[in-house]
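>>> based on what follows, work out the 3D shape:
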Amino acid sequence: MEAIGTYISIIGLGALFAGDPVILVLAGILDGAKIVSVSFLYQYWYGVKALMKYYLLLAVIVLMTITSAGAFGYLSGSFQKAIQPNMEISLKVDSYNNERTQLIQEKDQLKSERINLDKQIASLPSDDVDGRRRLIRSFKPESARISDRLMTVTKRVDDLTLLY
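Have a look, this model is predicted:
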């Protein structure tokens with residue numbers, strides 16, 4: 001069990017310190033020192049003077065903290081790898097949401113432009129048929145542009161709605 005802990009600690013400290021070989025060797029030596037110190041304390045607890053006993057006890061606690069930091073590095077690295085695909089998906093969904101919102105705003109603006117054109121045509125007296133025809137003819141390119149863009153925007157909004 002300690003071998004697995006040592007492995008995780010060494011790999012984790014390597015992850016925290018960018019795989020520096022000196023850190024990897026140091027982590028291995030410190031973990032070995034921890035094992036030796038705990039074993040020594042266990043065997044000679046009653047035969048060792050208090051100063052040596054408490055020094056080694058403090059050293060073991062510090063070494064356990066370093067080992068824990070290595071385990072933390074290993075676990076956090078694994079966690080980051082595990083959530084990476086979720087983060088990418090979340091970014092895509094946010095991007096699609098933003099695009100959809102912008103397209104809906106553009107769609108509303110296009111509808112407003114179309115209503116404006118219709119109001120201008122409707123503002124002419126109903127008996128002015130020639131004036132209405134001229135106005136409709138002059139608005140024809142703009143109306144066609146609005147219709148084409150509305151179809152494109154509506155299709156893209158529908159596609160984005162289906163994606164999520």
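>>> element containing the nearest residue to Leu16 once chain neighbours are set aside, please.
Once flanking residues are discounted, Leu16 sits nearest to Gly73: 3.8 Å by C-beta to C-beta, 6 or more residues apart in numbering. Bear in mind the C-beta positions are built from the backbone N, C-alpha and C, glycine included. In this assignment (DSSP states H and E), Gly73 forms part of helix 50-123.
>>> ok, the residue nearest to Leu16 - contacts?
By C-beta atoms under 8 Å, 6 or more residues apart in numbering, the contact set of Gly73 is Ile11, Gly12, Leu13, Gly14, Ala15, Leu16.
>>> which strands and helices lie in contact with the lowest-mean-pLDDT helix or strand in the chain?
The weakest-scoring helix or strand in the chain, judged by mean pLDDT, DSSP states H and E, is helix 2-16 (a mean of 83). Judged by 3 or more C-beta pairs under 8 Å, 6 or more residues apart in numbering; DSSP states H and E, the packing partners of helix 2-16 are helix 21-44, helix 50-123.
>>> so, low pLDDT: which residues of the protein?
164 (pLDDT under 70).
>>> returning to that earlier point: next one: the helix holding Gly73 to chain centre, how far?
Chain-centre distance of helix 50-123: 3 Å, with C-alpha atoms, centre = their mean, to the nearest Å.
>>> the helix or strand just after that helix: which residues count as buried?
Helices and strands here follow DSSP H and E; after helix 50-123, the next one along the chain is helix 129-163. Along helix 129-163, these residues count as buried under the neighbour rule (16 or more other C-beta atoms under 10 Å): Leu135, Phe139, Ser143, Ile146, Leu150, Val153, Val157, Leu160.
>>> format the residues you listed as JSON lines; extra columns: distance to Asp128.
Below are these laid out as JSON lines (distance: C-beta to C-beta, whole Å):
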{"residue": "Leu135", "distance to Asp128": "9"}
{"residue": "Phe139", "distance to Asp128": "15"}
{"residue": "Ser143", "distance to Asp128": "19"}
{"residue": "Ile146", "distance to Asp128": "24"}
{"residue": "Leu150", "distance to Asp128": "28"}
{"residue": "Val153", "distance to Asp128": "34"}
{"residue": "Val157", "distance to Asp128": "38"}
{"residue": "Leu160", "distance to Asp128": "44"}
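>>> all good on my end, thank you.
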